[in-house]
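[1] Need a 3D model of the following:
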Amino acid sequence: LLHLFSESQIYRIDHYLGKETVQNILVFRFGNGIFEPIWNRNYIDHVQITVAETLGIGDRGGYYDRSGALRDMLQNHMMQLVAMTAMEPPVAFEAKPVRDQKVNVLRSFRPIDPADVEIWVVRAQYGPGVSDGKEIPGYTSEKGVPTNSATETYVAWKLEIDNWRWKGVPFYLRTGKALATKLTEINIVFRKPPLLLFETLDTDDIPPSNVLTLRIQPDEGIRLSFDAKRPGPSDNIERVAMDFSYRDYFGGQASADAYERLLLDAMLGDSTLFIRREETELAWDRVTRILNGWEIQKEEAQQNGEQFSLPKYAAGTWGPAEADEMMRRDGRYWRN
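    Below you'll find the model as predicted:
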């Protein structure tokens with residue numbers, strides 16, 4: 001393309017960037033004075049980003065088996081969600097400043113050594129089960145999928161960002177087909193207080209009470225949880241939440257479809273919500289290292305005369321036990 005056009009004439013589209021709730025990440029962060037001062041390693045324990053689907057692959061087996069969850073969802077949509085959650089404030093809400101900051105944070109994603117991929121990434125395939133009230137066959141029983149397929153339908157990745165804001169704060173990313181519910185959300189989990197005055201349990205057993213949830217779909221909104229005292233003479237503490245719902249607040253206002261918004265921006269020459277070349281190359285660099293690591297695992301199994309296969313999870317569940325174990329090793333758990 002660059003033989004024929006300049007970079008400014010190329011609009012690489014990712015429809016997630018056209019979603020109102022994704023754009024609101026930047027407004028929420030940089031349009032309010034109360035959150036950005038604590039949006040860093042001093043106050044945040046970790047971040048979880050989930051993109052879950054209840055459907056299996058349906059009639060897309062021919063495509064999906066050559067792609068897999070890592071290429072299909074994580075390399076593009078989820079990378080953009082991470083970039084918008086973790087980027088530094090741009091000097092202006094214009095194409096170059098915004099995309100400069102996204103490139104900077106993508107460049108800070110720690111590259112995985114392919115030989116160590118199993119430490120950082122879990123992959124699996126769905127088996128038979130019931131999801132969203134529908135019977136779903138196992139992935140290798142789907143039309144167009146070889147019975148010995150090693151293509152992942154689920155990926156969980158512990159991502160580290162090596163910069164001043166996020167050093168030591170892991171980003172746990174997961175996406176999968178045939179999971180328990182359809183959901184896209186970002187959970188910002190804040191650190192526990194240094195001393196829990198109102199708890200009698202061991203502090204290591206008490207989950208963080210302060211979690212900020214940015215729900216992208218469905219039921220778009222923002223939720224902040226915190227502890228409050230239940231009425232009465234004793235100090236009984238209960239977890240409560242403040243909720244903002246797009247439907248309740250802006251219910252009467254129809255928003256444009258994501259593609260409609262992006263195509264209009266392209267016609268207007270506004271590339272703010274489009275992906276620049278460096279973003280794509282950096283995302284693929286980090287993802288290719290994982291793919292190379294998986295290829296090494298497959299080759300090692302073949303050299304040992306073993307049949308290579310992926311961990312399984314039942315359709316309609318939240319994924320494989322290996323992903324839960326990855327979180328337990330860090331003393332954390334998935335927010336299902």
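
[2] Now G61, what are its backbone angles?
    Taking degrees, to the nearest 10, you get phi -60, psi -40 for the backbone angles of G61.

[3] How about it, nearest residue that isn't a chain neighbour?
    Distances taken as C-beta to C-beta, 6 or more residues apart in numbering place G144 nearest to G61, at 2.8 Å, with adjacent residues excluded. From N, CA and C alone the C-beta is placed, and that goes for glycine too.

[4] ok, now how distant is the one you found from M327?
    As judged by C-beta to C-beta, to the nearest Å, G144 and M327 stand 33 Å apart.

[5] Which pLDDT value goes with the residue most central in space within the chain?
    With distances taken as C-alpha atoms, centre = their mean, I49 lies nearest the centre of the chain, 3.2 Å away. As predicted, I49 sits at a pLDDT of 97.

[6] just checking, it touches V82?
    Yes: the pair I49 / V82 is scored as a contact, 6.4 Å apart, by C-beta atoms under 8 Å.

[7] anything in contact with each of the two?
    The contact sets of I49 and V82 overlap at F171, L173 (C-beta atoms under 8 Å, 6 or more residues apart in numbering).

[8] Let's verify the residue nearest to the centre of the chain: helix, strand, or coil?
    Here I49 is recorded as strand under DSSP: H, G, I helix; E, B strand; the rest coil.

[9] residue contacts, it?
    By C-beta under 8 Å, 6+ apart, the neighbours of I49 are M78, L81, V82, T85, F171, Y172, L173, R174, E185, I186, N187.

[10] mind running it again at 7 Å?
    M78, L81, V82, F171, L173, I186 (C-beta atoms under 7 Å, 6 or more residues apart in numbering).

[11] Make JSON lines out of these and add secondary structure, neighbour count and pLDDT.
    Shown next, in JSON lines, are these (DSSP: H, G, I helix; E, B strand; the rest coil; neighbours: other C-beta atoms under 10 Å; pLDDT from 0 to 100):
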{"residue": "M78", "secondary structure": "helix", "neighbour count": "25", "pLDDT": "95"}
{"residue": "L81", "secondary structure": "helix", "neighbour count": "25", "pLDDT": "96"}
{"residue": "V82", "secondary structure": "helix", "neighbour count": "24", "pLDDT": "97"}
{"residue": "F171", "secondary structure": "strand", "neighbour count": "21", "pLDDT": "98"}
{"residue": "L173", "secondary structure": "strand", "neighbour count": "22", "pLDDT": "98"}
{"residue": "I186", "secondary structure": "strand", "neighbour count": "23", "pLDDT": "96"}
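
[12] Pick the one among these closest to G269.
    Nearest to G269 out of the contacts of I49 is L81 (C-beta to C-beta; 25.4 Å).

[13] Check the contact between the closest one and I186; I expect there is one.
    Yes: between L81 and I186 there is a contact at 6.3 Å, judged by C-beta atoms under 7 Å.

[14] pLDDT of the longest helix anywhere in the chain, averaged?
    If you go by DSSP state H, the chain has its longest helix at helix 277-303. Per-residue pLDDT over helix 277-303 has a mean of 94.

[15] Most distant residue from the centre of the protein?
    The centre of the chain is farthest from one residue, P233, which by C-alpha atoms, centre = their mean lies 42.7 Å away.

[16] ok so, going back, which secondary structure elements does the following helix or strand past the longest helix of the chain contact?
    Using DSSP states H and E, the helix or strand that follows helix 277-303 in sequence is strand 312-314. Counting contacts by 3 or more C-beta pairs under 7 Å, 6 or more residues apart in numbering; DSSP states H and E, strand 312-314 packs against strand 121-127.

[17] contacting residues around the strand it packs on?
    Outside of strand 121-127, the residues within contact range by C-beta under 7 Å, 6+ apart are 56, 138-139, 152-157, 177-178, 290, 310-315, 319-320, 322-323, 326.

[18] 8 Å instead?
    Strand 121-127 has contacts (C-beta under 8 Å, 6+ apart) with 56, 69-70, 112, 136, 138-140, 149, 151-158, 176-178, 290, 293-294, 310-315, 319-320, 322-323, 326.

[19] Name the next helix or strand following it along the chain.
    Next helix or strand after strand 121-127 toward the C-terminus (DSSP H and E): strand 129-131.

[20] hmm, who's touching the helix or strand just after that next one?
    As assigned by DSSP H and E, the chain's next helix or strand after strand 129-131 is strand 134-136. With contacts defined as C-beta under 8 Å, 6+ apart, strand 134-136 is touched by T54, G56, Y126, P128, G129, V130, A178, A315, G316.

[21] shared neighbours, L81 and I186?
    Common neighbours of L81 and I186 (C-beta under 8 Å, 6+ apart) are I25, I49, I216.

[22] Adding distance to I119 as columns, could you present these in TSV?
    Output for those, formatted as TSV (distance: C-beta to C-beta, whole Å):
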residue	distance to I119
I25	29
I49	19
I216	28
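
[23] if we can go back for a sec, quick one, which of G144 and M327 is more surrounded?
    M327 (20 against 13; other C-beta atoms under 10 Å).

[24] that older thread, looking at the shared contacts of L81 and I186, which one is closest to N32?
    Closest approach to N32 among these (C-beta to C-beta): I25, at 11.7 Å.

[25] which outside residues touch the helix or strand containing the closest one?
    In the assignment (DSSP H and E), I25 maps to helix 20-30. Helix 20-30 is contacted by residues 16-17, 35-36, 39, 80-81, 84-85, 89-90, 93, 98, 186, 214-217, 220, 222, 246, 255, 273 when judged by C-beta under 8 Å, 6+ apart.
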